[in-house]
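[1] Quick one, what's the 3D model for this:
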Amino acid sequence: MNTEPRKEHQWLQKLVGKWTFEAEMMSPDKPSVKSEGTETVRSLGGLWVVAEGQGEMPGIGPATTIMTLGFDLEKKRYIGTWIGSMMTHLWVYDGSLDASERTLTLESEGPSMAGDGKTAKYRDVIEFNSDDHRLLLSYWLSDDGAWRQIVAASYRRKS
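    Coordinates of the predicted model:
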């Protein structure tokens, strides 16, 4: 049980620090809205990262989010969770790093954006442009089989 961090765990450490973000949220039937906030990411034993975000959710008010990410050595996959103070669903991540080691793609399933009581597939993509700038792009798999972008967030490192 005493696992030493491996290369995959070390990649996650790039997220550690204090960040500011600007986000645009898109909806199929509404105009896009913008928000901003902060995120603090800490390491948990060099094997996990825990990210706590604070920001204003348009139409909702102040919101807090918590994301955990790690690498499962048996599955050879990145895994994690995401929760937000604005919803009751626990999002469970399963993903992989691309060959360039710049982009982590995380798959999840949750309530459909169509509001029809069904579940849908989602994809969060974390892409590093540099050590101090990263993007988070979120997509929803719509009923027509196309991935639709629902969030574009730009993160800048404060420290």
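
[2] now the strands for the chain?
    Under the criterion DSSP state E, the chain contains strands at 17-27, 30-44, 48-57, 61-72, 77-84, 91-97, 103-111, 119-130, 133-141, 147-157.

[3] Centre-most residue in the protein?
    The centroid of the chain falls nearest to residue 124 when counting by CA atoms, centre = their mean (5.4 Å).

[4] any idea how far residue 20 is from that one?
    19 Å (CB to CB, to the nearest Å). Where you see a C-beta, it was placed from the backbone N, CA and C, and this is true even at glycine.

[5] about what we covered before: to residue 11, which of the strands of the chain lies closest?
    For the strands of the chain, proximity to residue 11 was assessed by CB to CB; strand 91-97 is nearest, at 6.4 Å.

[6] Just the C-alpha atoms of the closest one, please, in CSV.
    Coordinates of each C-alpha in strand 91-97 appear next as CSV, following Å, rounded to 0.1, in the frame of the first residue of the first chain:
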residue,chain,number,x,y,z
TRP,A,91,-19.0,12.9,-11.3
VAL,A,92,-16.5,10.0,-11.6
TYR,A,93,-13.6,10.4,-14.1
ASP,A,94,-11.8,7.8,-16.1
GLY,A,95,-9.2,9.1,-18.6
SER,A,96,-5.8,9.1,-20.3
LEU,A,97,-3.0,11.4,-21.3
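
[7] Tell me the buried residues in that strand?
    Using 16 or more other CB atoms under 10 Å as the test for burial, strand 91-97 gives 91, 93, 95, 97.

[8] Please give me every residue in contact with the nearest residue to the last one once chain neighbours are set aside.
    Yep, that's residue 97 we're talking about. Nearest residue to residue 97, sequence neighbours excluded (CB to CB, 6 or more residues apart in numbering): residue 104, at 5.3 Å. Contacts for residue 104 were tallied using CB atoms under 8 Å, 6 or more residues apart in numbering; they are 11, 69, 78, 95, 96, 97, 98, 125, 126, 127.

[9] count of neighbours near the last one?
    This means residue 127. 15 (other CB atoms under 10 Å).

[10] Against residue 53, how distant is residue 138?
    Counting by CB to CB, the gap from residue 138 to residue 53 is 13 Å.

[11] Sorry, slip of the keys, the one I care about is residue 2.
    Distance from residue 2 to residue 53, by CB to CB: 31 Å.

[12] quick one: which of the two has more around it?
    Higher neighbour count among residue 2 and residue 53: residue 53, with 21 against 4, using other CB under 10 Å.
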